[in-house]
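Asker: Please find the sequence and the predicted model below.
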Amino acid sequence: MEKSKLIFNQDLCTGCRSCQMACSLHLAGVFGPEESCFEIIQDKETGIVTRKFDNDKCDLCKDETIPMCIRICPRHVIQLNTDFRAKHVYKY
Ligand code: SF4
Ligand code: SF4
């Protein structure tokens with residue numbers, strides 16, 4: 001099974017969707033949820049937030065100084081899987 005490039009502490013996620021928007025800006029230059037690696041889903045009754053992540057679509061923000069989703073998240077939900085860290089040289 002393919003390893004996930006990112007790791008999520010989903011219990012901390014408020015569903016603000018900032019990561020979704022930041023990802024679409026990186027990948028497509030627009031704010032558009034359909035362009036993002038993420039789909040953020042919040043259950044209307046329970047408020048529980050879940051996420052779908054397109055591991056293949058994620059390029060680990062190779063041209064950015066730091067992965068945009070990690071930078072933007074106010075709750076530190078997202079971390080880089082260290083198995084992929086060495087394959088990408090960030091400019092920081
Ligand atoms: S690392 Fe970049 S491409 Fe991957 S999910 Fe985060 S913002 Fe999207
Ligand atoms: S930016 Fe962080 S808190 Fe907001 S939806 Fe994404 S992971 Fe959740």
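Answerer: That came through fine. Ligands and ions are numbered 1, 2, ... in the order given.
Asker: can you pull the contacts of Pro38?
Answerer: Residue 38: Phe, not Pro. For Phe38, the residues meeting the contact criterion (CB atoms under 8 Å, 6 or more residues apart in numbering) are Cys19, Gln20, Cys23, Arg51, Lys52, Phe53, Asp54, Cys69. (C-beta placed from N, C-alpha, C; glycine too.)
Asker: next one: phi and psi at it?
Answerer: Dihedral angles of Phe38 (phi, psi; degrees, to the nearest 10) stand at phi -110, psi 140.
Asker: So the residue nearest the centre of the chain versus Leu6, what's the distance?
Answerer: Using CA atoms, centre = their mean, the residue of the chain that lies closest to the mean C-alpha position is Cys69, 4.5 Å off. Using CB to CB, to the nearest Å, one obtains 7 Å as the distance from Cys69 to Leu6.
Asker: ditto for Glu35
Answerer: The span separating Glu35 from Leu6 equals 17 Å under the rule CB to CB.
Asker: higher neighbour count, these two?
Answerer: Between Glu35 and Leu6, counting by other CB atoms under 10 Å, Leu6 is the more crowded of the two (20 against 17).
Asker: Leaving out chain neighbours, which residue sits closest to the more buried one?
Answerer: Ile78 (5.6 Å; CB to CB, 6 or more residues apart in numbering).
Asker: Around that neighbour, how many other residues sit close by?
Answerer: The burial count assigned to Ile78 is 23, neighbours taken as other CB under 10 Å.
Asker: what is it paired to in the beta sheet?
Answerer: Phe8 (DSSP bridges).
Asker: Mutual contacts of Cys69 and Leu6, please.
Answerer: Listed contacts common to Cys69 and Leu6 are Ile78; contacts here mean CB under 8 Å, 6+ apart.
Asker: hang on, the earlier thing: quick one: which two of the contacts of Phe38 are the most distant?
Answerer: Taking CB to CB, the two most distant members of those are Lys52 and Cys69; they sit 13.6 Å apart.
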